[in-house]
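Q: Here is a sequence with its predicted model. Questions after.
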Amino acid sequence: MAQIVIGTAGHIDHGKTSLVKSLTGTETDSLNEEKKRGMTIDLGFAYLNNTITIIDVPGHEKFIKNMTAGAANIHYGLIVVAADDGIMPQTVEHLNILNILGIKGVWVAITKIDIVKDNEWIDLIELEINEYLLRYNFEIFSCNRINNLSGQGVNKLKNSIMSFATDKEMDKPLQYFRMNVDRSFIKKGFGTIVTGTVAHGKAKIGDSIEVLPNSIHTKIRGIQTHGRDTQLISKGDRAAVNLLNVKLNELYRGIVISTPRAIKNTKQIIAKITMINETNWVLKNQQRLRLHFGTDEVLARVTIKNQKKFKKGDNGNIIFTLESKIPVCLEDKFVIRSYSPMNTIAGGTVLITDVNSYYDNLIDEIPMNPKDRFIFLLESNWEEPISSKRWQKIFLTNHYKIEEWCKEFKIQRSASDILFTSKNVQKGKQKTISFLKKFHSKNSLRIGCSLETISSSIGWHQDFLKIVLNGLIEEKKIEMVNDFYSIFSSNKEPLTKLQTEQIKYTENFIKKSGLTPVEMNAIQKTKKYKPSQLLEVINFLKFKDKIEDLGNNFFIHKNYFIILLDSLKKYFDHSIELTISDFKALSGLTRKTAIPLLEFLDKKEYTIRKDNIRIVGKNLND
């Protein structure tokens, strides 16, 4: 049977704390100031049984921050309305907060029925409550009339809650553990302890844990749930977690404990917001606001791109720039309150956590539905494709859900599991063609670009780039020669007159030298080349297989090199060994020019050196 956490909601002095005590026997007002003032200031915690926790939240408007922290860790609401008052301002604000945080089901307790003797009046109060809750689409599990002094109606409410909890099963937990912390303290003999409700995943004793936003890495030393030791906690469990070697001042309400590296800190988000119907606040660009994420509060500035202001009932996508980094996930719901005076004005759902300028003109197009947003993000961030495993982390979902979306949208994947769409590939092809055209216009004599050059220049994952390049080769838009990619020959710009002259001059200069290796500097001295121009001409001749590069900036013409190889073949037909003197006689070269050429022949395995002689190499007869 799953654990459930219920949070009270209602106006100050409507009897929330008294009702919790009637249900559980626990006095949740534990602070001296709370007892002295007769009001709840901070969160109180009580257990109805081994699987049901009730969080008592403050009703006074000054302590809404604490109420929101408590509401972030609940599954259902217990709406408390006094029969003599009916629905009051803080009742409405609490209902809005529950609605914003995605709470769907509630129990209703109409308290102080001992003060109101008129049953028809109580009937009207109940009708008003039901009508109000229906506006928010809350499911009402039961509506109960309560006298906290005599206990009238308490057992009926208690039985309703326990019966519901018996049948309730939590959704299958996600892979990544996450818990919003609402309390921290030191227990003698154990150390630092944090409490909260598990939002996602599972954790057990001995697991490594990251404390965010401060990125403190620790381990779970012990776990309790409902006052009992346990080895494992999972989604929905109310838990106290003993952390190893962490100081108390590093653990406070608002932090998150999670699977290491599963959740990233961020300072900017895009969110879908909805202004509540009861607010008179007008949300304008660059206003400073209070955002309540989980049990934390963070100040932020709002950027509204395509709409000047938001009024009651309005909704849309906007950017929040946070004043401090916090751990945020997609789909996180949060409460938006005005900076001063502090009123709840809207609710939000996180759509994007990695915000960049690309979204500036697309902000209104970002879908609310996670599945549609997945394909939107996949196609929007096409230049930075990521693996399905990374998508699981971004959406805090499992492998099966991502695979389901991939199948529906016909997503393609690389050998290393990088995901992309046909639109991504098409955009990649267009950018690659544009890049290569610019490259050739600036380097018209160069063969093309290596995979590494294109990848570093464009900044894509090589797996994705290879798919794009192979597609362009199949379409005969580009070609690959000697591991270099270039625009298909028929689509290239013709050489200029100057380039043609430089190529002809350089080839003839090398050709005239016969088998004597020509140094690059020698060419440059005879004709006023820029070094970069000569290098391009040399590379062009190498690509066209007109010259042979001997290394160290020495070259011979290909025709003479072929003649030399033919001469060597004939020589080895009747001789086993080749001395330096033999090679000098064969080639007509001096020792100074023969040695570099012999070393090149050794390197290419046309010959094999043994002491001061050469024998035939494996490549000579190929």
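A: All right, it came through fine.
Q: CA only for contacts and neighbour counts going forward, please
A: Will do.
Q: So which bits of the helix or strand hosting residue 608 are buried?
A: Element membership of residue 608 [criterion: DSSP states H and E] is strand 607-610. For strand 607-610, burial by neighbour count (16 or more other C-alpha atoms under 10 Å) applies to 607-609.
Q: Check which element follows the helix ranked longest in the chain along the chain.
A: Scanning the chain for the longest helix, with DSSP state H as the assignment, gives helix 422-442. Heading C-terminal from helix 422-442, the first helix or strand you meet, by DSSP H and E, is helix 451-458.
Q: Now that following helix: buried residues?
A: Within helix 451-458, judged by 16+ other C-alpha under 10 Å, the buried ones are 451, 454-455.
Q: Make JSON lines out of these and add pLDDT and distance to residue 329.
A: Below are the buried residues of helix 451-458 laid out as JSON lines (pLDDT from 0 to 100; distance: C-alpha to C-alpha, whole Å):
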{"residue": "451", "pLDDT": "88", "distance to residue 329": "36"}
{"residue": "454", "pLDDT": "91", "distance to residue 329": "34"}
{"residue": "455", "pLDDT": "88", "distance to residue 329": "31"}
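Q: Among these, which one sits closest to residue 14?
A: Using C-alpha to C-alpha, residue 455 comes nearest to residue 14 of the buried residues of helix 451-458, at 65.7 Å.
Q: unless I'm mixing things up, that closest one is touching residue 461, no?
A: Yes: Residue 455 is within contact range of residue 461, at 7.1 Å (criterion: C-alpha atoms under 8 Å).
Q: Which positions in whichever strand or helix holds residue 95 come out as buried?
A: Element membership for residue 95 (DSSP H and E) is helix 89-100. For helix 89-100, a neighbour-count test (16+ other C-alpha under 10 Å) marks 90-100 as buried.
Q: For it, give me every contacting residue.
A: 9-12, 59-61, 68, 71, 77, 81, 136, 138, 276, 333-335, 344, 346-348 (C-alpha atoms under 8 Å, 6 or more residues apart in numbering).
Q: Select only the buried ones of those in PyMOL?
A: Selection command for PyMOL covering only the buried members of the contacts of helix 89-100, criterion 16+ other C-alpha under 10 Å:
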select buried, resi 9+10+11+12+59+60+61+68+71+77+81+138+276+333+334+335+344+346+347+348
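Q: In helices, which of the contacts of helix 89-100 fall?
A: Going by DSSP H, the helices hold 68, 71 from the contacts of helix 89-100.
Q: Please enumerate the strands of the stretch 1-150 of the chain.
A: 4-9, 44-47, 52-56, 76-82, 105-111, 139-145 (DSSP state E, counting those that start in this stretch).
Q: Format those strands as JSON lines; extra columns: distance to residue 129.
A: JSON lines is the format used below for these (distance: least, C-alpha to C-alpha, whole Å):
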{"stretch": "strand 4-9", "distance to residue 129": "13"}
{"stretch": "strand 44-47", "distance to residue 129": "25"}
{"stretch": "strand 52-56", "distance to residue 129": "20"}
{"stretch": "strand 76-82", "distance to residue 129": "8"}
{"stretch": "strand 105-111", "distance to residue 129": "8"}
{"stretch": "strand 139-145", "distance to residue 129": "9"}
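Q: Out of those, which gets the lowest mean score?
A: Lowest mean pLDDT within these: strand 44-47, at a mean of 78.
Q: Would you check that residue 385 makes contact with residue 421?
A: No: counting by C-alpha under 8 Å, residue 385 sits too far from residue 421 to count as a contact (9.8 Å).
Q: got any ranges where the stretch 501-622 of the chain has weak pLDDT?
A: Counting by pLDDT under 70, the ranges of the stretch 501-622 of the chain that qualify are 528.
Q: where along it do the helices fall?
A: Secondary structure of the stretch 501-622 of the chain (DSSP state H, counting those that start in this stretch): helices located at 520-526, 531-543, 558-574, 580-587, 591-603.
Q: Using CSV, write down the CA coordinates of the third one.
A: Backbone C-alpha positions of helix 558-574 (Å, rounded to 0.1, in the frame of the first residue of the first chain) are rendered in CSV as follows:
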residue,chain,number,x,y,z
LYS,A,558,54.7,12.0,-60.5
ASN,A,559,55.8,11.1,-64.0
TYR,A,560,59.4,10.8,-63.0
PHE,A,561,58.5,9.0,-59.8
ILE,A,562,56.6,6.3,-61.9
ILE,A,563,59.7,6.0,-64.1
LEU,A,564,61.9,5.5,-61.0
LEU,A,565,59.6,2.8,-59.7
ASP,A,566,59.7,1.0,-63.1
SER,A,567,63.5,1.2,-63.1
LEU,A,568,63.6,-0.3,-59.6
LYS,A,569,61.3,-3.2,-60.6
LYS,A,570,63.6,-4.0,-63.5
TYR,A,571,66.6,-3.7,-61.2
PHE,A,572,65.2,-6.2,-58.6
ASP,A,573,64.2,-8.6,-61.4
HIS,A,574,67.9,-9.5,-61.6
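Q: now it against helix 580-587, angle please.
A: Here the directions of helix 558-574 and helix 580-587 differ by 130 degrees (axes from the mean of the first three to the mean of the last three C-alpha atoms, to 10 degrees).
Q: Let me see the contact set for the residue sitting nearest the centre point of the chain.
A: Note on the chain: the residue nearest the mean C-alpha position is residue 394, at 4.3 Å, using C-alpha atoms, centre = their mean. Under the criterion of C-alpha under 8 Å, 6+ apart, the neighbours of residue 394 are 329-330.
Q: For the host helix or strand of it, buried residues please.
A: Assigned by DSSP H and E, residue 394 belongs to helix 388-395. Of all the residues in helix 388-395, those buried under the rule 16+ other C-alpha under 10 Å are 388, 391-395.
Q: do stretch 475-486 as well
A: 477-480, 484-486.
Q: In strands, which of those residues fall?
A: 478-480, 484-486 (DSSP state E).
Q: tell me the two of those that are most distant?
A: Using C-alpha to C-alpha, the two most remote members of these are 478 and 484, lying 10.3 Å apart.
Q: I'd assumed residue 602 was in contact with residue 619.
A: No: the criterion here is C-alpha under 8 Å, and residue 619 misses it with residue 602 at 10.1 Å.
Q: what's residue 16 in contact with, if anything?
A: Per C-alpha under 8 Å, 6+ apart, neighbours of residue 16: 8-10, 56, 80.
Q: should've said residue 391
A: Residue 391 touches residue 402, counting by C-alpha under 8 Å, 6+ apart.
Q: Need the per-residue pLDDT for it.
A: 90.
Q: Could you report the distance from it to residue 590?
A: 66 Å (C-alpha to C-alpha, to the nearest Å).
Q: one step back: if you count what's nearby, which of residue 619 and residue 602 comes out ahead?
A: Of the pair residue 619 and residue 602, residue 602 is the one with more neighbours under other C-alpha atoms under 10 Å, namely 17 against 11.
Q: Please name the nearest non-neighbouring residue to the more buried one.
A: Distance criterion C-alpha to C-alpha, 6 or more residues apart in numbering; nearest residue to residue 602, sequence neighbours excluded, is residue 608 at 5.4 Å.
Q: circling back: nearest to residue 597 among the buried residues of helix 89-100?
A: residue 100 (80.0 Å).
Q: didn't residue 326 look like it was pressed against residue 269?
A: No: counting by C-alpha under 8 Å, residue 326 does not reach residue 269; the two are 10.6 Å apart.
Q: All set now, cheers.
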